[in-house]
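Engineer: what's the 3D shape of this:
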Amino acid sequence: MLEKESLKFLERLTNSFGPSGFEYEPVQMVKNYVAPYVDEIFSDKMGSLVYKKVGDPEGPKILLPGHVDEIGFIINGISKDGFLTFSPLGGWFDQTLLSQRVLVKTREDELVLGVVVSKPPHLIPPEDAKKVVTKEEMFIDVGCASEKDVNALGIQIGDPAMPVSHFEILERKRFVKEEESPESREENVTLAIGKAFDDRVGAFIGAEVVRRLKEEKIEHPNIVFGAATTQEEVGLRGARTVAYMVNPDVALVLEVDISGDIPGVKPNEAPAKMGKGCSILTYDSSMVPNPRLLNFVIKTAKENNIRYQLSSIAKGGTDAGVIHITHKGCPSVVLGVPTRHIHSHNGILDLGDVEMAINLTISLVKNLDWKTVQSFTEI
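Structural biologist: Alright, predicted model coming up:
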């Protein structure tokens, strides 16, 4: 399982402020965490961080990106009576927003607490009461009564805001039924609940991989480039510049996955389930993974007894969508952690699945030599 200090880092990372375009704080955290374990750290001009861990200086370049931006908001107006209107940064489902707390960050780095609200239900006409309130009809209340009050707090148009949610650990029991037995066995699981799992978890996995490579003296026949990419939620932007800068030979994109084990979701809509191992994405709307690389990943998971699930997402994409078409192309695959309720204030995941994703990534890195990498694209 994850070490205590690693878990503390994950907590700090997910709690940090970093909507798309405003990722400085989580990027700095990743930089400070990986510094003792890597050979070089650099960045692009989009604010993404890249760190380099050399195994074989002549080996292929293996990119391990995880984006550190979270979905959030940007203030687009201040009313005369002191309320804020906003635009989304990333994809929000309108029904998750009302009555939720947010933190607005001013240009002076002050955090101002507010709550997303709309017209009180008592004043809504009966014919409108059954309709969904859209983001355009909502506003953020920061406790002010005039535009001047808001200005006194330092809030301006263009300021970012993030959801308020704090990382917590949940200990639960699972009763697992064996296929060949009518009896079920009991096991203990450790879950985490919090915001920004999409995709601080991926950035965390990349950082953990280089830490273990260093501390456990694991040999690898390549050069690992970990990356904390920016602005994924608004168009895969940081990954585009990182991929151009690194020009990787293979990319193992580290992400969360949609956990389909909730009411109303059909198995074919979201095959992955929380607690069943890390996921290997076979398809999404932004990329069809290199089939030879995909088969190599599945084979490696089997050979190392790593719990995994095959997954697909008909709608949506990841940083792999731009990485796999950079320069002459880059064989890419997405390794995910099934997470319930992504793109909301509170996600839930199984830390055992995070551990499986770390183990699989390390196992792949140990075996990605030139011969193997070249076999993915030979004609």
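Engineer: where does the stretch 101-250 of the chain dip in pLDDT?
Structural biologist: 121-123, 128-129, 178-182 (pLDDT under 70).
Engineer: just the strands in it please.
Structural biologist: 101-105, 111-117, 139-141, 160-163, 168-177, 184-194, 223-229, 250-258 (DSSP state E, counting those that start in this stretch).
Engineer: out of these, the one nearest Lys80 is which?
Structural biologist: Closest to Lys80 of those, according to Cβ to Cβ: strand 139-141, at 12.5 Å. To be clear about C-beta, it is placed using only N, CA and C from the backbone, and glycine gets the same treatment.
Engineer: and that closest one, which residues are buried?
Structural biologist: For strand 139-141, burial by neighbour count (16 or more other Cβ atoms under 10 Å) applies to 139-140.
Engineer: surely Tyr37 touches Lys214?
Structural biologist: Yes: counting by Cβ atoms under 8 Å, Tyr37 does reach Lys214; the two are 3.9 Å apart.
Engineer: the more surrounded of the two?
Structural biologist: Between Tyr37 and Lys214, counted using other Cβ atoms under 10 Å, the more crowded position is Tyr37 (18 against 15).
Engineer: residues in contact with the more buried one?
Structural biologist: Contacts for Tyr37 (Cβ atoms under 8 Å, 6 or more residues apart in numbering) come out as 53, 210-211, 213-215.
Engineer: and the gap between it and Val68?
Structural biologist: 18 Å (Cβ to Cβ, to the nearest Å).
Engineer: what of Asp109?
Structural biologist: For Asp109 relative to Val68 (Cβ to Cβ), the value is 18 Å.
Engineer: can you check Leu113 too?
Structural biologist: Where Val68 is concerned, Leu113 sits at a distance of 23 Å (Cβ to Cβ).
Engineer: settle it for me: which of these two has more neighbours?
Structural biologist: A count of neighbours by other Cβ under 10 Å puts Val68 above the other of Leu113 and Val68, at 32 against 13.
Engineer: may I ask you to confirm that the more buried one is in contact with Val201?
Structural biologist: No: with contact defined as Cβ under 8 Å, Val68 does not count as touching Val201 (10.3 Å).
Engineer: wait, a helix at Leu293?
Structural biologist: Yes: Leu293 sits within a helix when classified using DSSP: H, G, I helix; E, B strand; the rest coil.
Engineer: what sits against it?
Structural biologist: Contacts of Leu293 (Cβ under 8 Å, 6+ apart): 250, 331-333, 376.
Engineer: do a quick rundown of the helices in this structure.
Structural biologist: If DSSP state H is used as the criterion, the helices of the chain fall at 4-15, 24-34, 126-129, 147-153, 197-215, 237-246, 291-303, 320-323, 351-367, 370-375.
Engineer: to Asn222, which of the ones you listed lies closest?
Structural biologist: helix 351-367 (6.8 Å).
Engineer: show the average pLDDT along that closest one.
Structural biologist: Averaging pLDDT along helix 351-367 gives 98.
Engineer: which helices and strands sit right next to it?
Structural biologist: Applying 3 or more Cβ pairs under 8 Å, 6 or more residues apart in numbering; DSSP states H and E, one finds that helix 351-367 contacts strand 61-67, strand 184-194, helix 197-215, strand 250-258, strand 278-281, helix 291-303, strand 332-340.
Engineer: can you put the ones you listed in JSON lines and add distance to Ala357?
Structural biologist: Listed next are the helices and strands packed on helix 351-367 as JSON lines, based on distance: least, Cβ to Cβ, whole Å:
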{"stretch": "strand 61-67", "distance to Ala357": "10"}
{"stretch": "strand 184-194", "distance to Ala357": "14"}
{"stretch": "helix 197-215", "distance to Ala357": "5"}
{"stretch": "strand 250-258", "distance to Ala357": "7"}
{"stretch": "strand 278-281", "distance to Ala357": "4"}
{"stretch": "helix 291-303", "distance to Ala357": "10"}
{"stretch": "strand 332-340", "distance to Ala357": "5"}
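Engineer: those: which one's closest to Glu168?
Structural biologist: Closest among the helices and strands packed on helix 351-367, using Cβ to Cβ: strand 184-194, at 5.2 Å.
Engineer: tell me the angle that closest one makes with helix 351-367.
Structural biologist: For strand 184-194 against helix 351-367, the angle by axes from the mean of the first three to the mean of the last three Cα atoms, to 10 degrees is 80 degrees.
Engineer: does Met249 touch Cys330 like I think?
Structural biologist: Actually, residue 249 is Asp. It isn't Met. Yes: if you go by Cβ under 8 Å, Asp249 and Cys330 touch, sitting 6.9 Å apart.
Engineer: the more surrounded of the two?
Structural biologist: Legend: neighbour count by other Cβ under 10 Å for Asp249 and Cys330, higher for Cys330 (24 against 20).
Engineer: out of the contacts of Tyr37, which comes closest to Asp261?
Structural biologist: Arg211 (30.4 Å).
Engineer: now stretch 95-107: how far from the chain's centre is it?
Structural biologist: 19 Å (Cα atoms, centre = their mean, to the nearest Å).
Engineer: which other residues reach it?
Structural biologist: Under Cβ under 8 Å, 6+ apart, the answer for stretch 95-107 is 17, 22, 73, 75, 84, 111-118, 132-133, 135, 138, 140, 142, 153-156, 159-164, 343-345.
Engineer: and the end-to-end length of it?
Structural biologist: 29 Å (Cα to Cα, to the nearest Å).
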